[in-house]
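Colleague: any chance you can model this:
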Amino acid sequence: MVPISAGTLSVVRVKYNIQQMPARAAGKAVMIMNASPHDRRTQEVAREICLRTGTKAMLAGSIAALGSHFAITLKAVNCQSGDSLGAAEAEADSREKVLGALGQAATELRGELGESLASIQKFDKPLEQVTTSSLEALKAYTDGDKIQGEKGDTEALPFVKRAVELDPSFAEAHVALGTLYSNLGQSSLAQEHYKKAYELRDRVSLREKYDIMSNYYRDNTGELDKAAQQFELWIHDYPHDPDVHGNLGLIYATLGQHEKAAALTREELKLRQDGYGYFNLANDYIALNRLDEAKAILDQARHLETGAEDIFFPLEQVLSRSGEDGLDEGRLVNGHALDVLREGGIDFGGVDDDAAFLAFLVDDPLVQEQR
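Modeller: As a prediction, the model looks like this:
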């Protein structure tokens, strides 16, 4: 009997309507425990992470080979007491049907935990349609996601490409590949994979469909109003996802609706304290000419030690010179921010005009996503 991998369990959590602990929160807990992020997370380690982060419950599971069959067990555990909150079992008669059996167990467990039938009917989808029927493709996709967080886009690319090669109908892997190519500046390849994911949108879960369509409208067709509509629906059905609030905030910032953008970014920061969220919120405040609030939010982020402090530097330099030498606030938000940096002897990364600088600071989500 072997435990179900964290990546496979995360498919159950993410693809069904279950709020998932952010990976960064788990990573911080591991660091506090003086453990390596590369160590295998046993149920005991997972429970300690659960306790340290104040999480209510965790998912655990195992797969046992019975001749040519596979027995799958999935259970929810109370982090505080260690007691079982519910369990479900399923059996697959071949390796290729393991994910489908896991999906059946997940549906059964959700019912046992008290989720309403209406919710199950709305969010349920056979697991092999939600992601992929290929365990090998799922593993490659999961490895790529992990490596992207640890090492970056270039290192993750071969793993996600492998996932698509193993299963060309793996819609979410096409989205991930599109994002990697976009981050690496290969826009034509990014659009190709976003389009492929869009063509596969009718065989995925509701959550994945929002992901596919929002990316397609934003990055392929440039229809930001339609992308915003998908993000709004996504937030309505899955209100606890910080990335969705942040991405919608970036779209509204691009459309010049900075009050809406700031409100969404504040919601993002309630769900996850992230350095880039603070950066984006400060950008929105600068665009709204609320410089004192921009300074305050950057000071707050510094004290939280989010790990992204380096990106605050250009904003802090601009804000620190407001009021100096007769410099009025309007100058900071009306095309003279780069001059403010130059007067202070600061050369900002090859950006050579105010429009490009302000696009980076406020209005360009594509730049900000390449972080």
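
Colleague: going forward, measure contacts between C-alpha atoms and count neighbours the same way
Modeller: OK.

Colleague: G144 and M58, how far apart?
Modeller: Look at G144 and M58: by Cα to Cα, to the nearest Å, they are 23 Å apart.

Colleague: of these two, who's got more company?
Modeller: Just comparing G144 and M58: by other Cα atoms under 10 Å the higher neighbour count belongs to G144, 27 against 21.

Colleague: so that one is in contact with V164, correct?
Modeller: No: assessed by Cα atoms under 8 Å, G144 is found out of contact with V164, at 11.5 Å.

Colleague: hey, where'd the strands end up in the stretch 1-150 of the chain?
Modeller: Ranges of strands in the stretch 1-150 of the chain, per DSSP state E, counting those that start in this stretch, are 2-3, 57-66, 69-78, 84-92.

Colleague: indicate which one of the ones you listed is closest to Q230.
Modeller: In terms of Cα to Cα, the element of those nearest to Q230 is strand 57-66, at 29.1 Å.

Colleague: for that closest one, packing partners?
Modeller: Packed against strand 57-66 by the contact rule (3 or more Cα pairs under 8 Å, 6 or more residues apart in numbering; DSSP states H and E) you find strand 2-3, helix 6-15, helix 43-52, strand 69-78.

Colleague: per-residue pLDDT, H69?
Modeller: We note a pLDDT of 83 for H69 in this prediction.

Colleague: can you tell me who it pairs with across the strands?
Modeller: H69 has these beta-bridge partners by DSSP bridges: L66.

Colleague: and it, how many residues sit next to it?
Modeller: When neighbours are counted by other Cα under 10 Å, H69 comes out with 15.

Colleague: also E150?
Modeller: Applying other Cα under 10 Å, I find that E150 has 12 neighbouring residues.

Colleague: same check on the one 5 residues further on?
Modeller: Neighbour count of E155, defined by other Cα under 10 Å: 14.

Colleague: equivalent analysis for T132, please.
Modeller: Quick note: T132 (other Cα under 10 Å) scores 26 neighbours.

Colleague: quick check: it vs Y217, distance?
Modeller: 24 Å.

Colleague: related to what we said a few turns ago, redo the strands of the stretch 1-150 of the chain as CSV? Include distance to G152.
Modeller: Shown next, in CSV, are those (distance: least, Cα to Cα, whole Å):
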stretch, distance to G152
strand 2-3, 28
strand 57-66, 28
strand 69-78, 32
strand 84-92, 36
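
Colleague: so for D237, which of the ones you listed sits nearest?
Modeller: Short answer: strand 57-66, nearest of the strands of the stretch 1-150 of the chain by Cα to Cα, at 21.1 Å.

Colleague: what angle do that closest one and strand 84-92 make?
Modeller: When axes from the mean of the first three to the mean of the last three Cα atoms, to 10 degrees is applied, the directions of strand 57-66 and strand 84-92 differ by 30 degrees.

Colleague: list the buried residues for strand 57-66?
Modeller: A57, M58, L59, A60, G61, I63, A65 (16 or more other Cα atoms under 10 Å).

Colleague: burial count for R266?
Modeller: 21.

Colleague: could you find the closest non-adjacent residue to it?
Modeller: The shortest distance from R266 to any non-neighbouring residue, by Cα to Cα, 6 or more residues apart in numbering, is to L281 (7.2 Å).

Colleague: I'd like the average pLDDT over stretch 280-289.
Modeller: The model assigns stretch 280-289 a mean pLDDT of 88.

Colleague: hmm, I typed the wrong one, I wanted stretch 175-190.
Modeller: Confidence for stretch 175-190, expressed as mean pLDDT, is 92.

Colleague: how about stretch 142-156?
Modeller: Mean predicted confidence for stretch 142-156 is 85.

Colleague: buried residues in it?
Modeller: Buried, per 16+ other Cα under 10 Å, within stretch 142-156: T142, D143, G144, D145, I147, Q148, G152, D153, A156.

Colleague: same question, stretch 74-87
Modeller: L74, K75, A76, V77, N78, C79, L85, G86, A87.

Colleague: how near is the fourth one to Y194?
Modeller: I take that to be V77. To Y194, V77 is 37 Å away according to Cα to Cα.

Colleague: equivalent analysis for the third one, please.
Modeller: Going from A76 to Y194 by Cα to Cα gives 35 Å.

Colleague: burial of S68, as a residue count?
Modeller: Residues near S68, counting by other Cα under 10 Å, number 9.
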